[in-house]
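**Q** build the 3D model from these lines:
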Amino acid sequence: MKRYVLWLAVSVGLTSSVAARAHHSAAAFDTSREIIVDGIVTEYDWRNPHVHMVLEITGANGEIREQRVEVGAPSVLAPLGLTPDSLRVGERVSIYGNPNRADARRSMLGLYLTKADGSQLPLNIGAPSLLEPEDARATSIAGTWFGPLAPFRGFVRSQGNWPLTDKARMERAEWTIEQAAYADCVPVTAPTLMIYPVTTTVEVNDDTVVFEVDWMTSRRVVYLDGRAHPENAEPTLHGHSIGHWEGETLVVDTIHYAAHSEGLTMGVGSGLGKHTVERFSLAANGRHMNYEVTVEDPEYLAEPLTHSSQLEYRPDLEPTGLACDLEAARRYRTDE
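**A** Next comes the predicted model:
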């Protein structure tokens, strides 16, 4: 227990900026303080993009009150080992987390949970996984992949060094976590989407490659039949993608992205001129997929942005397939 608390305290300190961006209401919580509450689970609501929990707490004077707990997204926590069956109403648990700045007795941000038998469950993106990856190796980019937290965190943090335009810098300075697009069930797009710490399934066909990203049921189709981009296509969230193979490497060219307030990453938007070129290839060890991307966007980038990352091969994981629930997405934004 002590070792877990120490590890998590360090982890939370390292990931606080990412957690704030990965949870639209995290600004409402004091991440410099930790509390532990004990109580009986009265609600365990498995919805995307936030799991919701309520505990019944009995105070020293016998007073009974409710403690609301904000938990991470099922798409993020399922790969760490949390499932709809991990808890049941009526169980006694202890939850470690950060208190609400305005009223710690009203709500908290859950980091991890300890059950009566001593077992622990992850409640936050920064919690350690309960699952050990299988010693499996892919033979192509087809299969199930997972984006580890560290590369994702590094990408988000690197935005301070990006060649942003004046417009992008001004919007970034004014952006607050309460404006996060997924509070309206709008997911991020490439490149952030492709390294998000969720399960991604890649299906390779003769004339298409399909990416199913378990973040608000995001789906990208890459056409390999030799077609060109349509000249006057209606812009869409994930754009229009065409690709080709260079040996074993898939090269994807995408344009016709819709404008997005977080089209480059949380806090950095993108315009109608956004253009991405992505390269997906199997690493030599068969356990990782290499991801390289170049992004052009004259409205938000003064020059092209490049990034490289890796995803882990995880055939043991199953996507949740949960669509975004608008009520769940807005619950904390409207309450806090």
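
**Q** quick check, Arg330 in a strand?
**A** No: with DSSP: H, G, I helix; E, B strand; the rest coil as the criterion, Arg330 is located in helix rather than a strand.

**Q** the spatially closest residue to it that is not a sequence neighbour: how many residues sit nearby?
**A** Leaving aside its sequence neighbours, Arg330 sits nearest to Ala183 (CB to CB, 6 or more residues apart in numbering; 5.7 Å). (Glycine included, C-beta is placed from N, CA and C.) Using other CB atoms under 10 Å, Ala183 has 21 neighbouring residues.

**Q** verify the stated contact: Ala183 with Ala328.
**A** No: Ala183 lies out of contact with Ala328 (CB atoms under 8 Å); the separation is 10.0 Å.

**Q** buried residues in stretch 207-215?
**A** The neighbour-count criterion (16 or more other CB atoms under 10 Å) identifies 209, 211-215 as the buried residues of stretch 207-215.

**Q** can you list those in TSV and add distance to Ser158?
**A** Converted to TSV, the buried residues of stretch 207-215 look like this (distance: CB to CB, whole Å):
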residue	distance to Ser158
Val209	27
Phe211	23
Glu212	27
Val213	21
Asp214	24
Trp215	20
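
**Q** quick one: which of these sit in strands?
**A** 209, 211-213 (DSSP state E).

**Q** now the host helix or strand of Glu203: how far from the chain's centre is it?
**A** Glu203 is part of strand 199-204 when elements are defined by DSSP states H and E. Mean-position distance between strand 199-204 and its chain equals 16 Å (CA atoms, centre = their mean, to the nearest Å).

**Q** same question, stretch 120-134
**A** Distance, centroid of stretch 120-134 to centroid of chain: 14 Å (CA atoms, centre = their mean).

**Q** tell me the mean pLDDT for it?
**A** The average pLDDT within stretch 120-134 is 92.

**Q** related to what we said a few turns ago, tabulate the ones in strands among the buried residues of stretch 207-215 (a markdown table), appending pLDDT and distance to Val69.
**A** Formatted as a markdown table, these follow (pLDDT from 0 to 100; distance: CB to CB, whole Å):
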| residue | pLDDT | distance to Val69 |
| --- | --- | --- |
| Val209 | 98 | 39 |
| Phe211 | 98 | 33 |
| Glu212 | 98 | 30 |
| Val213 | 98 | 27 |
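
**Q** TSV for the residues you listed, including distance to Lys274?
**A** Formatted as TSV, these follow (distance: CB to CB, whole Å):
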residue	distance to Lys274
Val209	20
Phe211	17
Glu212	22
Val213	18
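
**Q** what is the spatially closest residue to Leu305 that is not a sequence neighbour paired to in the beta sheet?
**A** Once flanking residues are discounted, Leu305 sits nearest to Val295: 4.5 Å by CB to CB, 6+ apart. Assessed by DSSP bridges, Val295 has beta-bridge partners Thr276, Leu305.

**Q** count of neighbours near Val295?
**A** Neighbour count of Val295, defined by other CB under 10 Å: 22.
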